[in-house]
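Undergrad: here you go, sequence then predicted model.
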Amino acid sequence: MQRSSTLRTKGFGDRGIRKFPILWSAVLPGMASLLVMVAVLQYRWTKELSVAAEARIGSTLQPLMVGWHLDFYGELSAICVAMQVGPDSGAHDAWNDYLQRYDEWNRNGLRSEIEGAYANPELVQEIYDWQTSAPGNPELLRLNPKSKTLDAVSTPPGLGALLARLQANSASLGIAMRAWEFQTSPEIENLPASNRAHTLGLRSNALAGWQLDDSIPALVHPVVHHANPFNSLTPVERVTVDWMVVVLNLDYIQKKILPTLAARYFSGPEGLEYKLAVVDEGRVPPRLIYSSDPSFPSSNHQTADSRMNIFGPPPDSAEGRFGPTIANGESLEWRNFSAPVWFPVIQHAANDEPWMLLLEHRTGPLDAVAKSIWHRNLLTSGVVLLLLTCGMFLIVVATRRAQKLSQLRLDFVANISHELLTPIAAIHSVAQNQMDGLCDTKADSILNGSNITGQTRHLADMVKQILLFASTQNGSVRYTLRPLDVSDIINNVRKNVAALLESNGFQVYPQVPEGLPKVMGDLPALSQCLQNLIVNAVKYSGKNRWIRISASVHDIDTNQREVQISVQDHGRGISSSDIDQIFEPFYRSPQVVNAQIHGTGLGLAVAKRIAQAMGGRLSVVSELDVGSTFTLHLPAPLRPDAETAVFVADSAWVTKHE
């Protein structure tokens with residue numbers, strides 16, 4: 001009966017073990033595939049998020065740069081609007097009209113009278129009349145607003161190349177209007193001849209015909225020559241044109257206009273959010289017009305976050321379609337683009353480059369910022385994925401442990417059923433013999449009574465063990481801790497197990513020295529703990545009928561010491577693979593099950609919980625075929641007048657003096 005029950009239990013466990021690989025061989029690949037899919041999606045999501053963040057930065061930065069440009073363009077074109085040369089190049093005006101307008105603007109700014117004219121007279125350094133239409137040598141005249149005269153002056157430094165260029169293109173108004181071109185500029189030569197007169201890209205008729213020399217800087221406009229230059233009523237008598245030359249104050253642009261615009265568009269609560277610079281890239285090396293930061297820009301201007309061509313290419317060129325692009329809602333590369341409004345910039349060489357506005361975020365390049373955002377999002381996603389992986393791993397572990405625990409409980413049910421049936425069957429057999437009249441003598445009656453008593457005691461011990469485990473499991477058992485002599489504990493245990501040891505022929509060798517300190521504990525509970533250890537030693541000692549019970553005191557540190565009570569046997573020992581599991585409820589070693597040694601798998605688990613409830617612990621040292629030593633470690637009280645405490649398993653109740 002015992003063998004068949006054991007085999008049935010083992011077979012059931014094998015079926016449960018076989019089911020596990022089959023189930024998880026399907027589940028684990030699915031979970032791994034899910035993790036890979038989530039990882040790929042998270043990577044793509046973080047990449048798209050980084051691109052979106054970069055696009056958001058660009059969508060914020062580009063309008064600021066365009067607004068900066070429009071205001072800067074308004075500053076430069078203020079004098080053009082104020083002078084009102086117009087598309088007819090002065091056919092209805094004379095130099096006295098220009099002189100009067102310049103004087104009024106120089107004194108009043110005229111912002112309120114002429115739309116779009118800024119009140120910055122300091123921006124204009126000088127205005128000249130370059131007389132190239134008269135026969136003979138051309139003459140340079142300076143407009144003097146104070147005396148309201150045109151004074152003849154010599155050519156100022158820096159204007160020679162520009163004046164020569166203007167003189168070479170003064171033969172007619174049509175030629176003069178394209179004086180900004182450099183010989184055969186491909187941007188213009190590829191345009192139809194009918195469109196060349198419309199390539200000025202200006203905002204109003206008041207600005208038509210103005211051309212910019214950004215190297216000085218200076219604005220120029222061709223002016224037709226009247227018979228009397230100071231009387232607009234006289235007829236235009238020459239085909240050759242004169243020139244109005246407006247020399248701008250570069251120092252004022254650098255120290256006033258550009259810092260003001262930088263603060264207007266790129267400032268935050270803590271100052272400028274961007275480093276910005278205006279660079280004339282037509283020079284070798286490039287000329288720095290303005291910089292908000294001494295360290296910006298670096299030698300490589302291409303590393304800036306965003307670059308804008310301030311004056312821009314012709315609007316009909318491939319690069320000059322900013323306006324139509326914005327109007328049609330098309331996307332625009334914000335890292336390198338041309339401004340929406342164009343001044344015809346006079347090119348003195350084929351490789352002339354315009355003024356460029358360079359921007360870089362103060363915290364570092366936007367590429368690095370976007371990359372840091374991507375790395376941060378990637379790290380966050382990685383942590384989430386790691387947590388998900390850990391969660392799935394814990395689910396697998398918890399499922400495996402739950403299955404293992406379930407298997408242990410099933411084994412426990414099978415084992416305890418067998419253990420309960422054995423004494424019940426013995427009692428039933430004795431009772432049946434008694435009913436059948438097979439016990440005629442007094443000796444038979446005594447033997448039967450002894451068997452019944454032993455079996456009922458064994459049955460009661462098992463029920464008591466199960467109830468004790470249940471009470472320690474749910475925390476309902478109460479312990480009364482009081483100072484106890486170690487010798488009293490051991491004597492009480494020996495009394496409880498005397499019948500068991502005698503019936504099995506065991507010799508017990510106690511070693512309890514005098515003078516051991518008292519320990520705090522509950523006498524019945526500690527006796528039960530040691531009793532379980534002794535019963536365990538009896539069960540697994542085999543033919544070696546020898547048990548030693550010893551006690552000693554040890555200093556843990558300078559402020560604490562403990563009493564160690566050990567139970568030693570010379571039995572079969574415990575393998576290293578089982579030693580970490582023997583204190584778990586319901587666990588029984590496969591070797592023990594195969595050897596058909598009876599047990600419930602609860603004795604050591606109960607002993608461990610009792611030890612922990614007393615503030616101590618259990619330890620074990622074992623070697624196969626040599627024996628095992630279980631040791632109960634109990635803290636010794638620090639004060640002689642120890643307290644009595646009522647405890648529930650694993651949780652302290654109210655403390656009271658004895």
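TA: Thanks, I have the structure now.
Undergrad: domains for this structure, by residue range?
TA: 63-364, 475-656 (automatic domain parsing).
Undergrad: what would those look like in JSON lines with mean pLDDT?
TA: Putting these into JSON lines (pLDDT from 0 to 100) gives the following:
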{"stretch": "domain 63-364", "mean pLDDT": "78"}
{"stretch": "domain 475-656", "mean pLDDT": "82"}
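Undergrad: dump those to TSV, plus mean neighbour count and distance to Arg400.
TA: Backbone N, C-alpha and C define where each C-beta goes, glycine included. Shown next, in TSV, are the domains of the chain (neighbours: other Cβ atoms under 10 Å; distance: least, Cβ to Cβ, whole Å):
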stretch	mean neighbour count	distance to Arg400
domain 63-364	17	49
domain 475-656	17	14
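Undergrad: nearest to Asp436, out of the ones you listed?
TA: domain 475-656 (27.2 Å; Cβ to Cβ).
Undergrad: closest to the centroid, which residue in the protein?
TA: Most central in the chain under Cα atoms, centre = their mean is Thr380, positioned 3.2 Å from the mean C-alpha point.
Undergrad: by contact count, what packs against the strand or helix carrying that residue?
TA: In the assignment (DSSP states H and E), Thr380 maps to helix 366-435. For helix 366-435, the elements it packs on are helix 2-83, helix 442-474, judged by 3 or more Cβ pairs under 8 Å, 6 or more residues apart in numbering; DSSP states H and E.
Undergrad: state which strand of this protein is the longest.
TA: strand 546-557 (DSSP state E).
Undergrad: residues in contact with the next helix or strand along the chain from it?
TA: Toward the C-terminus, strand 546-557 is succeeded by strand 560-569 as the next helix or strand (DSSP H and E). Applying Cβ atoms under 8 Å, 6 or more residues apart in numbering, the contact partners of strand 560-569 are 486, 489-490, 516-517, 519, 530, 533-534, 537, 540-541, 544, 546-556, 616, 627-636, 638.
Undergrad: starting from strand 560-569, tell me which strands it pairs with and how they run.
TA: Sheet pairing of strand 560-569 (DSSP bridges) gives strand 546-557 (antiparallel), strand 627-635 (antiparallel).
Undergrad: pipe those into CSV and attach distance to Val512 per row.
TA: What follows is those, written out as CSV (distance: least, Cβ to Cβ, whole Å):
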stretch, distance to Val512
strand 546-557, 5
strand 627-635, 13
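Undergrad: quick check, Pro423 in contact with Thr456.
TA: Yes - using Cβ atoms under 8 Å, Pro423 and Thr456 qualify as a contacting pair, with a distance of 7.0 Å.
Undergrad: to Glu104, which of the helices and strands packed on helix 366-435 lies closest?
TA: helix 2-83 (8.0 Å).
Undergrad: send the alpha carbons of the following helix or strand past the closest one over as CSV?
TA: As assigned by DSSP H and E, the chain's next helix or strand after helix 2-83 is helix 95-108. Coordinates of each C-alpha in helix 95-108 appear next as CSV, following Å, rounded to 0.1, in the frame of the first residue of the first chain:
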residue,chain,number,x,y,z
TRP,A,95,18.0,117.3,-56.6
ASN,A,96,16.4,120.0,-54.5
ASP,A,97,13.5,117.7,-53.9
TYR,A,98,15.8,114.9,-52.6
LEU,A,99,17.8,117.4,-50.6
GLN,A,100,14.6,118.7,-48.9
ARG,A,101,13.4,115.1,-48.1
TYR,A,102,16.7,114.1,-46.7
ASP,A,103,16.8,117.2,-44.5
GLU,A,104,13.3,116.6,-43.2
TRP,A,105,14.0,112.9,-42.5
ASN,A,106,17.4,113.7,-41.0
ARG,A,107,15.6,116.1,-38.6
ASN,A,108,12.3,114.4,-37.9
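Undergrad: and helix 95-108, what does it pack onto?
TA: helix 2-83, strand 124-131, strand 139-144, strand 149-152.
Undergrad: what's the angle between the helix or strand following the last one and strand 139-144?
TA: Sequence-wise, the next helix or strand downstream of strand 149-152 (DSSP H and E) is helix 160-168. Using axes from the mean of the first three to the mean of the last three Cα atoms, to 10 degrees, the direction of helix 160-168 lies 110 degrees away from that of strand 139-144.
Undergrad: go ahead and name everything in contact with helix 160-168.
TA: 130, 132, 138, 140, 155, 176, 179, 213, 216, 218, 220, 243, 245, 346, 348.
Undergrad: following that helix, which helix or strand shows up next?
TA: Counting by DSSP H and E, the next helix or strand C-terminal to helix 160-168 is helix 173-176.
Undergrad: residues touching that next one, excluding its own?
TA: 89, 166, 169-170, 197, 222, 224, 239, 241, 243.
Undergrad: format these as JSON lines; extra columns: distance to Ser417.
TA: Output for these, formatted as JSON lines (distance: Cβ to Cβ, whole Å):
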{"residue": "Ser89", "distance to Ser417": "117"}
{"residue": "Leu166", "distance to Ser417": "116"}
{"residue": "Asn169", "distance to Ser417": "115"}
{"residue": "Ser170", "distance to Ser417": "120"}
{"residue": "Ala197", "distance to Ser417": "110"}
{"residue": "Pro222", "distance to Ser417": "116"}
{"residue": "Val224", "distance to Ser417": "122"}
{"residue": "Val239", "distance to Ser417": "125"}
{"residue": "Val241", "distance to Ser417": "120"}
{"residue": "Trp243", "distance to Ser417": "117"}
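Undergrad: looking at those residues, which is nearest Phe230?
TA: Val224 (13.9 Å).
Undergrad: what sits against the closest one?
TA: Taking Cβ under 8 Å, 6+ apart, one finds 88-91, 173, 236, 238, 241-242 in contact with Val224.
Undergrad: mind checking how far it is from Gln131?
TA: Separation of Val224 from Gln131 (Cβ to Cβ, to the nearest Å) stands at 13 Å.
Undergrad: next one: Ser172
TA: 16 Å.
Undergrad: how about Leu173?
TA: Taking Cβ to Cβ, one finds Leu173 at 16 Å from Gln131.
Undergrad: ok, Ser550 to Met520 distance?
TA: 20 Å.
Undergrad: just Ile346 next, same as before
TA: For Ile346 relative to Met520 (Cβ to Cβ), the value is 102 Å.
Undergrad: then Pro235?
TA: The value you get for Pro235 to Met520, if Cβ to Cβ is used, is 127 Å.
Undergrad: likewise Val36?
TA: Distance from Val36 to Met520, by Cβ to Cβ: 56 Å.
Undergrad: just Gln564 next, same as before
TA: 15 Å.
Undergrad: and Asp293, by the same measure?
TA: Asp293 is 73 Å from Met520, by Cβ to Cβ.
Undergrad: do Thr480 as well
TA: Thr480 is 10 Å from Met520, by Cβ to Cβ.
Undergrad: just Asn536 next, same as before
TA: 25 Å.
Undergrad: what of Val535?
TA: Val535 is 25 Å from Met520, by Cβ to Cβ.
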